[in-house]
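Engineer: here is my input; please provide its structure:
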Amino acid sequence: DVQLVQSGGGLVQAGGSLKLSCAASGFTYSTYCMRWYRQAPGKVHELVTSITSDGFTHYTDSVKGRFTISRDNAENTLSLQMNSLKPEDTAMYYCAAVSDGRCSVSDVNYWGQGTQVTVSS
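Structural biologist: Next up, the predicted model:
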């Protein structure tokens, strides 16, 4: 069975740091594009960052310079290091797998269960 199991997250003060992890199994992880999405209450789902199978990264403007996505294809894991957190980063965060390793398509094949990140002011 395909699984994306998330860990990390929690409550942190503004300016603090958190790290999210996502452990993948049941599919050929190294060939997939991996993404982090987030959804805040009352807001639409937002693509935060993505990493291609070759390791090329993309970030939405609001997190550039603060968030870092990385992947370990040997361990089938995905990470999101979040620094200088702001209250507006508060959301449920989801890891996602896309079969197009170049991250060229929008359709997500698999989702993680989500993990809450709350940043207090």
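Engineer: just list whatever residues bridge to the residue nearest to the spatial centre of the chain.
Structural biologist: Nearest to the mean C-alpha position of the chain, by Cα atoms, centre = their mean, lies Trp36 at 2.4 Å. Beta-bridge pairing of Trp36 under DSSP bridges involves Thr49, Cys95.
Engineer: what's the spacing between it and His58?
Structural biologist: 11 Å (Cβ to Cβ, to the nearest Å). Where you see a C-beta, it was placed from the backbone N, CA and C, and this is true even at glycine.
Engineer: burial of Thr77, as a residue count?
Structural biologist: Counted with other Cβ atoms under 10 Å, the neighbours of Thr77 add up to 18.
Engineer: OK, contacts around it?
Structural biologist: Ser21, Cys22, Ala23, Ala24, Arg71 (Cβ atoms under 8 Å, 6 or more residues apart in numbering).
Engineer: follow-up on the earlier one: can you pull the residues that touch both of Trp36 and His58?
Structural biologist: Both Trp36 and His58 are in contact with Thr49, Ser50, where contact means Cβ under 8 Å, 6+ apart.
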